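>>> Sequence first, predicted coordinates after that:
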Amino acid sequence: MVLTKEYLYEKALELLKELIRVPSFSKHEDQTAGKIEEFLKKHETTTHREGNNVWSVSRNFDASKQTILLNSHHDTVKPNSGYTRDPFLPLVEDGKLYGLGSNDAGGPLVSLVATFLYFNAMAELPFNLVLAATAEEEISGFNGIESIWHLLPKIDCAIVGEPTLTEIAIAEKGLLVVDCLSKGKAGHAAREEGVNAIYESLRDIEWFRKFQFQKVSPTLGEVKMSVTMINAGLAHNQVPAECHFTVDVRVTDKYTLEEVLDTIERNVSCEVKARSLRLRSSGIDDHHFLIQSATKLGKKLYGSPTTSDQALIPVPSIKMGPGDSARSHSADEFIYVSEIREGVDSYIELLQVAGCRLQGLAVKL
């Protein structure tokens, strides 16, 4: 059975509307997982589910071929106070589909689902495909893509669906969140007693503000450190004994998280504790067949400052999808209906060219 693109555009839009209607905040995505599972089964696709993660493997799987993961998430953040519309009411107005999660990452997700169905209907493929609609991406939770990795077939590379205007992020910064504690000694403020922990913290905060790591990534630029939270003091007349502050560190592919953490520890006097060493930077070789295919199509390639499930996928990957990252988490979130069509077309075209390269065939555009 050959599925036409027109049919897939229509069904992708219908699925997105159904997903918008159901709240799917991180850790509470059970209903959207059920809808995705039901949609795939209606299209004669064998599905697997673990928690709120749903995946499917292309038929006629051949272990001798490259396996490409098509991954996006179906959890959302909570709607912010700026909404003027019902975030769970999918409405199309002036070519825009409004609704929470429509852009991040409902549009990319349903476009990948349509793409998977398009290729899965074919008798033979030059590669294997695995579609994974996963949970907890918005909170980098432990029950998302990371939790099912060992259940998937061996994955060689991945396309991660996020709103990128169908441009391609070939690298992504990792995330290191560091909690710091500067210690002093409590005393009465009027008698100049004690050691002020806030003042003790200032030297370290200034170091975070000014320090520059020497290695600069050609795709991701410099490592960026930002002090984003600070808390100290119990009373206006008491010199604080402790000052807590938090640093957001965006790490490029030029450093490991461990190397950055070691540099911090060697240069500051406060106590330092990393929350996690899971969210690593990602990248892909210029000669990889996905990058060669993207280049052939004239796709814009760039390094992304934001973090996605790429950080938890331990194989070469790219980030690509319909929609605009600037709309993510915004009030009255929307995606253009035409962007869904563009997303499906872009994914299919990229995989068609990739298939030709894997087979050693000439690419005709």
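It's in. Numbers count the residues shown, from 1 in each chain.
>>> Every contact and neighbour count from this point should use C-alpha atoms.
OK.
>>> Please tell me how far the residue nearest to Ala274 when sequence neighbours are not counted sits from Tyr199.
Closest residue to Ala274 apart from its sequence neighbours, by Cα to Cα, 6 or more residues apart in numbering: Val178 at 4.5 Å. Per Cα to Cα, to the nearest Å, Val178 is found 19 Å from Tyr199.
>>> quick one, which of the two is more surrounded?
Neighbour comparison, Val178 and Tyr199: the larger count goes to Val178, with 20 against 15 (by other Cα atoms under 10 Å).
>>> and the more buried one, what helix or strand is that in?
Counting by DSSP states H and E, the element that carries Val178 is strand 174-183.
>>> Give me the residues contacting that strand.
Identification of contacts with strand 174-183 by Cα atoms under 8 Å, 6 or more residues apart in numbering yields 197-198, 200-201, 241-253, 257, 269-277, 279-282, 307, 311.
>>> Let's see that with 6 Å instead.
Strand 174-183 has contacts (Cα atoms under 6 Å, 6 or more residues apart in numbering) with 197, 201, 241-251, 270-275, 279-281.
>>> Buried members of those into PyMOL, please.
A single PyMOL command selects the buried members of these (16 or more other Cα atoms under 10 Å):
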select buried, resi 197+201+241+242+243+244+245+246+247+248+249+250+251+270+272+279+280+281
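>>> Quick one: find the helix or strand in this structure with the lowest mean pLDDT.
strand 282-283 (a mean of 90; mean pLDDT, DSSP states H and E).
>>> And the pLDDT for Arg280?
pLDDT, the model's per-residue confidence, is 93 for Arg280.
>>> Thr306 now?
You'll see Thr306 listed with a pLDDT of 86.
>>> ok, back up a step: for the residue nearest to Ala274, name its beta-bridge partners.
Val247, Ala274 (DSSP bridges).
>>> Roughly how far does it sit from Asn52?
Taken as Cα to Cα, the span from Val178 to Asn52 is 29 Å.
>>> got it, and Asp179?
Counting by Cα to Cα - Asp179 and Asn52 are separated by 31 Å.
>>> and this structure, what are its domains?
Taking automatic domain parsing as the reference, the chain has its domains at 5-172+281-359, 174-274.
>>> And Arg250, which helix or strand is it part of?
Per DSSP H and E: strand 242-251 holds Arg250.
>>> Which elements pack onto that strand?
strand 174-183, helix 197-210, strand 224-232 (3 or more Cα pairs under 6 Å, 6 or more residues apart in numbering; DSSP states H and E).
>>> after it, next one along is what?
helix 257-267.
>>> So what touches whichever strand or helix holds Lys319?
Lys319 belongs to strand 317-320 when assigned by DSSP H and E. Strand 317-320 is contacted by residues 157-162, 164, 166, 168-170 when judged by Cα under 6 Å, 6+ apart.
>>> Return the closest of these with respect to Ser328.
Closest approach between the contacts of strand 317-320 and Ser328, by Cα to Cα: Glu162, at 9.8 Å.
>>> what's around the closest one, how many residues?
30.
>>> and the gap between it and Val110?
Glu162 is 11 Å from Val110, by Cα to Cα.
>>> Ok, Ala133 next?
Going from Ala133 to Val110 by Cα to Cα gives 9 Å.
>>> deepest of the domains of the chain, which one?
domain 5-172+281-359 (a mean of 20; mean count of other Cα atoms under 10 Å).
>>> Can you get me the start-to-end distance on that domain?
End-to-end for domain 5-172+281-359, by Cα to Cα: 24 Å.
>>> Distance from the chain centre to the one helix or strand Arg49 maps to, please.
Assessed by DSSP H and E, Arg49 sits inside strand 48-50. Taking Cα atoms, centre = their mean, to the nearest Å, one finds strand 48-50 lying 20 Å from the centre of the chain it belongs to.
>>> and if you look at stretch 21-28?
The chain centre lies 17 Å from the centre of stretch 21-28; the measure is Cα atoms, centre = their mean.
>>> export it as CSV, just CAs?
Coordinates of each C-alpha in stretch 21-28 appear next as CSV, following Å, rounded to 0.1, in the frame of the first residue of the first chain:
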residue,chain,number,x,y,z
ARG,A,21,-6.8,18.5,23.0
VAL,A,22,-5.1,16.4,25.7
PRO,A,23,-2.9,17.9,28.4
SER,A,24,0.5,16.2,28.3
PHE,A,25,2.7,17.9,30.8
SER,A,26,6.0,16.2,31.5
LYS,A,27,5.5,13.0,33.6
HIS,A,28,1.8,13.0,32.7
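>>> I would like the residues contacting it, please.
Contacts for stretch 21-28 (Cα under 6 Å, 6+ apart): 75-77, 88-89, 136.
>>> Determine which two of those are furthest apart.
Leu89 and Glu136 (22.2 Å).
>>> contacting residues for Leu165?
322-324.
>>> can I get these in CSV with pLDDT, distance to Glu37 and secondary structure?
Converted to CSV, the contacts of Leu165 look like this (pLDDT from 0 to 100; distance: Cα to Cα, whole Å; DSSP: H, G, I helix; E, B strand; the rest coil):
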residue, pLDDT, distance to Glu37, secondary structure
Pro322, 98, 22, coil
Gly323, 97, 24, coil
Asp324, 95, 26, coil
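>>> pLDDT averaged over stretch 290-301 - what is it?
96.
>>> Ok, stretch 20-27 next?
97.
>>> now do stretch 332-352
For stretch 332-352, mean pLDDT is 98.
>>> Same question for stretch 138-147.
Per-residue scores along stretch 138-147 average to 96.
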